[in-house]
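*Asks:* Build me a model from this:
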Amino acid sequence: MLKTLFGRLFAKKPEAPPPPLADTEADAGLGFGYKTGWITVPSEDPDSVLAALGAENIVPCTWRRGMAAVQAELGPVTQVFATPAKNGHVCLVLGLQGAMEYDEPIADMFARLEALSKRFGRVAYFGSYRVVDYVAWAFADGGRITRAFATVEGQVQVLTGEPLAEERALGLPFERGQSEESFSEALYAQAEGEGAFPNEAMPLILAAETCVDPRTFDGVELGLGRLAVLAAD
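*Replies:* Numbers count the residues shown, from 1 in each chain. Got it, this is the predicted structure:
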């Protein structure tokens with residue numbers, strides 16, 4: 001039922017939002033990472049990242065307006081907020097409120113990551129939504145998905161590729177060559193002994209170890225971000 005989580009973020013909508021207005025005065029950054037989804041791209045230029053994503057109507061935007069716009073969406077993502085670069089990475093904030101009600105092919109999100117990785121190298125997706133215990137991450141490099149993992153309500157929905165060293169450090173029972181079934185069995189056996197279980201802090205920990213911790217944007221003066229509309233497929 002929930003096997004296509006990543007794709008829901010980019011499910012089609014009958015109407016796109018109006019073109020965003022441009023801001024001229026920057027505000028301080030805002031930390032994020034809970035109840036949201038985001039992509040990290042190794043780049044110093046948010047405009048080139050958005051162009052590679054196929055976004056349209058790209059305009060300079062304050063953090064507060066950009067974050068409010070993407071978090072207000074109650075369905076598939078039609079807008080994206082690109083942060084200024086930090087630690088050599090641009091974050092594409094997608095929001096996640098209400099995304100659980102949509103069921104589009106997982107290939108939609110994977111295709112976005114693969115396309116960005118062809119241009120920029122290793123990119124990553126992270127997401128969490130505590131209402132349904134949604135925890136997810138995915139990595140792509142050189143035009144292909146190298147690793148993806150997602151759970152909802154304790155049920156494994158996506159498990160592909162080999163675990164990263166940083167994932168193993170989270171305390172989850174990842175092993176090479178695992179199936180979704182074997183991981184689920186190991187996870188519940190571990191949980192019975194009060195071992196680690198997927199939680200909303202894990203995507204943030206993994207992001208901090210592999211690219212950039214989105215919480216560290218808070219209060220930092222980096223200039224304007226970019227708000228854009230995702231082009232319909």
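*Asks:* What residues sit buried inside stretch 149-161?
*Replies:* Under the neighbour-count criterion of 16 or more other CB atoms under 10 Å, stretch 149-161 has 149-152, 156-159 buried. C-beta coordinates here come from the backbone N, C-alpha and C atoms, glycine included.
*Asks:* What of stretch 182-191?
*Replies:* Across stretch 182-191, burial judged by 16+ other CB under 10 Å covers 183-184, 186-187.
*Asks:* At which residues are the helices of this protein located?
*Replies:* Along the chain, counting by DSSP state H, helices occupy 5-8, 46-53, 63-71, 107-120, 165-168, 180-192, 201-210.
*Asks:* residue ranges with poor pLDDT in this structure?
*Replies:* In the predicted model of the chain, residues 1-20, 74-77, 96-107, 232-233 satisfy pLDDT under 70.
*Asks:* how about it, which residue sits the furthest from its center?
*Replies:* Gly193 (30.6 Å; CA atoms, centre = their mean).
*Asks:* residues touching it, list them.
*Replies:* If a contact means CB atoms under 8 Å, 6 or more residues apart in numbering, then Gly193 has no contacts.
*Asks:* The residue nearest the centre of the chain: what's it in contact with?
*Replies:* What sits nearest the mean C-alpha location of the chain, by CA atoms, centre = their mean, is Trp38, with 2.9 Å. By CB under 8 Å, 6+ apart, Trp38 lies in contact with 32, 91-94, 125-127, 214.
*Asks:* ok, now with 7 Å
*Replies:* With contacts defined as CB atoms under 7 Å, 6 or more residues apart in numbering, Trp38 is in contact with 91-94, 126, 214.
*Asks:* could I get the buried residues of stretch 149-161 as TSV with distance to Gly219?
*Replies:* Shown next, in TSV, are the buried residues of stretch 149-161 (distance: CB to CB, whole Å):
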residue	distance to Gly219
Phe149	31
Ala150	31
Thr151	32
Val152	33
Val156	37
Gln157	35
Val158	34
Leu159	37
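*Asks:* and the two most separated of those?
*Replies:* Val152 and Leu159 (12.7 Å; CB to CB).
*Asks:* quick revisit: what's the closest of the contacts of Trp38 to Leu230?
*Replies:* Leu94 (9.1 Å).
*Asks:* Test my guess that the closest one contacts Gly37.
*Replies:* Yes - applying CB atoms under 7 Å, one finds Leu94 in contact with Gly37, separated by 4.5 Å.
*Asks:* Which one's more surrounded, those two?
*Replies:* Legend: neighbour count by other CB atoms under 10 Å for Leu94 and Gly37, higher for Gly37 (28 against 25).
*Asks:* so what's the more buried one bridging to?
*Replies:* Beta bridges link Gly37 to Gly127, judged by DSSP bridges.
*Asks:* How about Ala228?
*Replies:* With DSSP bridges applied, Ala228 shows beta-bridge pairing to Val80.
*Asks:* wait, isn't it in contact with Leu50?
*Replies:* Yes - Ala228 lies in contact with Leu50 (CB under 7 Å); the separation is 5.0 Å.
*Asks:* what sits in contact with each of the two?
*Replies:* Common contacts of Ala228 and Leu50 (CB under 7 Å, 6+ apart): 58, 82.
*Asks:* neighbour-wise, which of those two wins?
*Replies:* Ala228 (28 against 24).
*Asks:* For that one, which residues are in contact?
*Replies:* Applying CB under 7 Å, 6+ apart, the residues contacting Ala228 are 50, 55-58, 79-80, 82.
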